[in-house]
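Peer 1: No letters, just coordinates:
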RNA sequence: CGCGGGGUAGAGCAGUUGGUAGCUCGUCGGGCUCAUAACCCGGAGGUCGUGUGGUUCAAGUCCCACCCCCGCAA
């Protein structure tokens, strides 16, 4: 099967590699243009580009798919199928439906929930205990196409978005592999999306500051859901600190104000709005490396009673 | 040349106006204890990121160059 693969970030890499490993004929990869990133604005290629080049697959990085150029390229590649995984661009109908088998998308949620850019993080932020990966036949809407196959996975209590990302990326590769072979065999039954839908928009820094007046569970979910990027933050005597990991456990003896540190025994236990504690176990001060809370406590005098905000 | 913080014992940090390098944790040994992540005593462990660099009687501490790590912003 001649396949054009479209994807950009790390999440899409296992899918691409799986297609190659399955012996599919990946005739071209579309990915976002290299962008200036990080300190010094170094021009950085997207992960999918790097992976594609390592396997000798031609890479295309158009800034738009709507000027006719991209369509010409795609026609010349004569694909039987287009596979889209976290590409970051909306495909026009003339491209979407050009291949014989049209276009298939792998999405990191159980549709119709968490359509959009950041389903992995939002599923944790919203306190879900289960999520998954869905393959669908693409239509012109955002993640609204008819569903093909899906696989589910549990979200463990202390799992971070980064960990869930890796699990779902692998699961996505499996779903993709099965979808492609079922497509060839003609055994798929597309199912329209019904039921309650929701939208998982891109994450912004506005979501990062922690609000300890919320419940411990909510604070915990915020820390997990934003870890390792863009990372929940709090202030300690004016300095911003990132929180990468936390766990729940215990309640405050007295009615301390939300954000009060009630113990520094191996981790930083903070009172939340509902009186329960969230234990920050891994953090990173500005300009420092990421470290365990216990390491942080060894070198910093953080008194019980200190206020985090 | 986008802005900024930092590189000192395995880890996290101090090191004041330049004058034989410290703290906490860990580690090793010993002691106490029914027991312990507790407590007591003792020890090991650093050419202070790199430089046959500069200033100085003397540099972790000032100056210069380079390497590396990180936060912001994109």
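Peer 2: Happy to help now that I have it. These figures come from a predicted structure and were not determined experimentally.

Peer 1: rest of the way, CA atoms for contacts and neighbours
Peer 2: Fine.

Peer 1: ok, the closest residue to RNA strand B within the stretch 101-250 of chain A - contacts?
Peer 2: Residue nearest to RNA strand B within the stretch 101-250 of chain A: residue A:205 (6.3 Å; Cα to the nearest atom of the strand). Listed by Cα atoms under 8 Å, 6 or more residues apart in numbering, the contact partners of residue A:205 are residue A:230.

Peer 1: could you redo the last one with a cut-off of 10 Å?
Peer 2: The contact partners of residue A:205, by Cα atoms under 10 Å, 6 or more residues apart in numbering, come to A:226, A:229, A:230, A:231, A:232, A:233.

Peer 1: What is the burial count for the residue nearest to the fifth one when sequence neighbours are not counted?
Peer 2: Meaning residue A:232. In this structure, residue A:232 finds its nearest non-sequential neighbour in residue A:208, 4.2 Å apart by Cα to Cα, 6 or more residues apart in numbering. By the criterion of other Cα atoms under 10 Å, residue A:208 has 20 neighbours.

Peer 1: Only the buried subset of the contacts of residue A:205, as a PyMOL command please.
Peer 2: Command for PyMOL that selects the buried part of those, burial taken from 16 or more other Cα atoms under 10 Å:
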select buried, chain A and resi 226+230+231+232+233
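
Peer 1: picking that back up, next, the contact list for the residue nearest to residue A:232, please.
Peer 2: Residue A:208 touches A:222, A:223, A:226, A:227, A:229, A:230, A:231, A:232, A:233, A:234, A:242, A:243, counting by Cα under 10 Å, 6+ apart.

Peer 1: Which ones among those residues map onto helices?
Peer 2: In this view, the contacts of residue A:208 that belong to helices under DSSP state H are A:222, A:223.

Peer 1: what two of the contacts of residue A:208 have the greatest distance between them?
Peer 2: Distance extremes for the contacts of residue A:208: the farthest pair is A:229 and A:234 at 14.7 Å, using Cα to Cα.

Peer 1: out of the contacts of residue A:205, which are inside strands?
Peer 2: Here DSSP state E is the test, and the contacts of residue A:205 give A:232, A:233 as lying in strands.

Peer 1: Name the residue most distant from the centre of chain A?
Peer 2: Taking Cα atoms, centre = their mean, the residue of chain A most remote from its mean C-alpha position is residue A:254, at 38.4 Å.

Peer 1: The longest strand along chain A: which residues count as buried?
Peer 2: The longest strand of chain A (DSSP E) is strand A:239-251. For strand A:239-251, the neighbour count (16+ other Cα under 10 Å) marks A:240, A:241, A:242, A:243, A:244, A:245, A:246, A:247, A:248, A:251 as buried.

Peer 1: Stretch A:152-162 now?
Peer 2: A:153, A:155, A:158, A:159, A:160, A:161, A:162.

Peer 1: how long is it end to end?
Peer 2: Start-to-end span of stretch A:152-162 (Cα to Cα, to the nearest Å) is 17 Å.

Peer 1: as a whole number, average confidence for that stretch?
Peer 2: Across stretch A:152-162, the average pLDDT comes to 96.

Peer 1: Got the phi and psi for residue A:285?
Peer 2: Main-chain dihedrals, residue A:285, degrees, to the nearest 10: phi -70, psi 160.

Peer 1: How many residues are close by it?
Peer 2: 18.

Peer 1: Please name the strands paired to the lowest-mean-pLDDT helix or strand in chain A in the sheet, noting orientation.
Peer 2: The weakest-scoring helix or strand in chain A, judged by mean pLDDT, DSSP states H and E, is strand A:42-44 (a mean of 85). Paired strands of strand A:42-44, with direction, are strand A:35-37 (antiparallel) (DSSP bridges).

Peer 1: how about the partner strand: buried residues?
Peer 2: So strand A:35-37, judged by 16+ other Cα under 10 Å, has zero buried residues.

Peer 1: quick one: contacts for residue A:285?
Peer 2: A:233, A:234, A:235, A:236, A:239, A:240, A:241, A:242, A:243, A:291, A:296.

Peer 1: Which pLDDT value goes with it?
Peer 2: In this prediction, residue A:285 carries a pLDDT score of 94.

Peer 1: can you check residue A:237 too?
Peer 2: Listed pLDDT for residue A:237 reads 82.

Peer 1: re earlier: in CSV, list the contacts of residue A:208 along with distance to residue A:34 and pLDDT.
Peer 2: Putting the contacts of residue A:208 into CSV (distance: Cα to Cα, whole Å; pLDDT from 0 to 100) gives the following:
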residue, distance to residue A:34, pLDDT
A:222, 30, 97
A:223, 30, 97
A:226, 25, 96
A:227, 24, 93
A:229, 20, 91
A:230, 20, 94
A:231, 24, 95
A:232, 27, 96
A:233, 29, 96
A:234, 32, 95
A:242, 28, 96
A:243, 30, 96
